[in-house]
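Peer 1: Compute the structure for the input listed below.
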Amino acid sequence: MSSIDFRAALYALSDVMINRPAPLRHFDQIYMKIPDMLLQAEVVSRAFEGRRVVFVGDGDAIALTLAHLAEAGILKGRPAGITVLDFDERVVNSVLHFASQHGLAIPISAELYNVADPLPVHHWQKYDAFYTNPPWGASNDGVSVTSFITRGIEAVAGDAVGCIILGDHKDYPWTHTVQGKVQRFCLDRCFRMTEILPEFHRYHLDDSPELTSCSLLIARTGEYQSAYASEPLSQEERARFYGQSAPLEVRYVRDLTGGGKLASRDVSLECY
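Peer 2: From the prediction side, this is the model:
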């Protein structure tokens, strides 16, 4: 990691943290701890420099961390633009509120979207990079992970790159099984692995506080589908999306706070 001003970085991160809505555990909104947010933002600031980036889900608020720290000159790399797609309206509102309040020069937008739906045409192959930290697939053989990666790949064109956050711990064999499936999935779609940072992040996770994740960077190596095509997830893919008996049934988490900037659990669930 390059030399940075840690006090300035922590001040900037505190701005992002207070703006971030409270996590909903049922939907695997499990947030990365602060030091690892800083490390992860530094990694992607290099990988995404000069690129238009789409975040397929971003409860952790890495998009805002990246933009805010780059704006402050703490991180050297700057993306050309950021779009956040998330099914939680609180996340969408928090991004829009923060960008407005802090006057970010990096173009940043946010939009409601659920990966169970086809990717809207106006996002098809619009970006140069994607980022995702999906539900890690402990009970669905990684289907939840590949669903998010699929939407990221659909959204990028040309010599695109991606960053995928995956469960990774020696005492949890399923994490390595899912990693193997994800690597094969990416290779089959002409993306090669360029860097992996194992057991790189920790989380605010009550039932498994020791569980860590890795940062997997990928890059496109060959031809890609240029015609638009995106399909909804099947019933089978949705059946165990959040766990053994936790299917994907909620399309959007709606914000009942009127876009309030303080963390809140005031939500309603809009189901399919």
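Peer 1: Okay, the residue lying closest to Lys170 once chain neighbours are set aside and Leu119: tell me how far apart.
Peer 2: Take Lys170 and drop its neighbours on the chain: the residue closest to it by Cβ to Cβ, 6 or more residues apart in numbering is Glu199, 7.8 Å away. Every C-beta, even on glycine, is put in place using the N, C-alpha and C of the backbone. Glu199 sits 31 Å away from Leu119, going by Cβ to Cβ, to the nearest Å.
Peer 1: coming back round to it: kindly tell me how buried the residue nearest to Lys170 is, as a neighbour count.
Peer 2: Glu199 is flanked by 15 other residues according to other Cβ atoms under 10 Å.
Peer 1: Pretty sure it sits against Cys214.
Peer 2: Yes - using Cβ atoms under 8 Å, Glu199 is in contact with Cys214, at 6.5 Å.
Peer 1: Overlap in contacts, those two.
Peer 2: Asp168 (Cβ atoms under 8 Å, 6 or more residues apart in numbering).
Peer 1: so where do the helices sit in the stretch 1-150 of the chain?
Peer 2: Remark: helices assigned in the stretch 1-150 of the chain by DSSP state H, counting those that start in this stretch are 6-19, 34-47, 62-71, 89-102, 143-155.
Peer 1: Most tightly packed of the ones you listed?
Peer 2: Sort those by mean neighbour count, taking mean count of other Cβ atoms under 10 Å, and helix 62-71 sits at the top with a mean of 26.
Peer 1: Quick check: mean pLDDT of that one?
Peer 2: Computed over helix 62-71, the mean pLDDT rounds to 96.
Peer 1: on contacts alone, who are the packing partners of that helix?
Peer 2: helix 6-19, helix 34-47, strand 52-56, strand 81-86, helix 89-102, strand 108-112 (3 or more Cβ pairs under 8 Å, 6 or more residues apart in numbering; DSSP states H and E).
Peer 1: The helices of the stretch 1-150 of the chain into JSON lines, with extra columns for distance to Thr221?
Peer 2: Output for the helices of the stretch 1-150 of the chain, formatted as JSON lines (distance: least, Cβ to Cβ, whole Å):
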{"stretch": "helix 6-19", "distance to Thr221": "34"}
{"stretch": "helix 34-47", "distance to Thr221": "16"}
{"stretch": "helix 62-71", "distance to Thr221": "25"}
{"stretch": "helix 89-102", "distance to Thr221": "32"}
{"stretch": "helix 143-155", "distance to Thr221": "13"}
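Peer 1: Helix or strand: which one has Arg192?
Peer 2: Per DSSP states H and E: Arg192 is located in strand 191-201.
Peer 1: Could you do Leu269 as well?
Peer 2: Counting by DSSP H and E, Leu269 is found in strand 267-271.
Peer 1: and if you look at Asp171?
Peer 2: Short version, using DSSP H and E: Asp171 is in no helix or strand.
Peer 1: okay, now the nearest residue to it once chain neighbours are set aside: neighbour count?
Peer 2: Among residues not flanking Asp171 along the chain, Glu210 sits closest, at 7.4 Å (Cβ to Cβ, 6+ apart). Glu210 has 11 neighbouring residues, counting by other Cβ under 10 Å.
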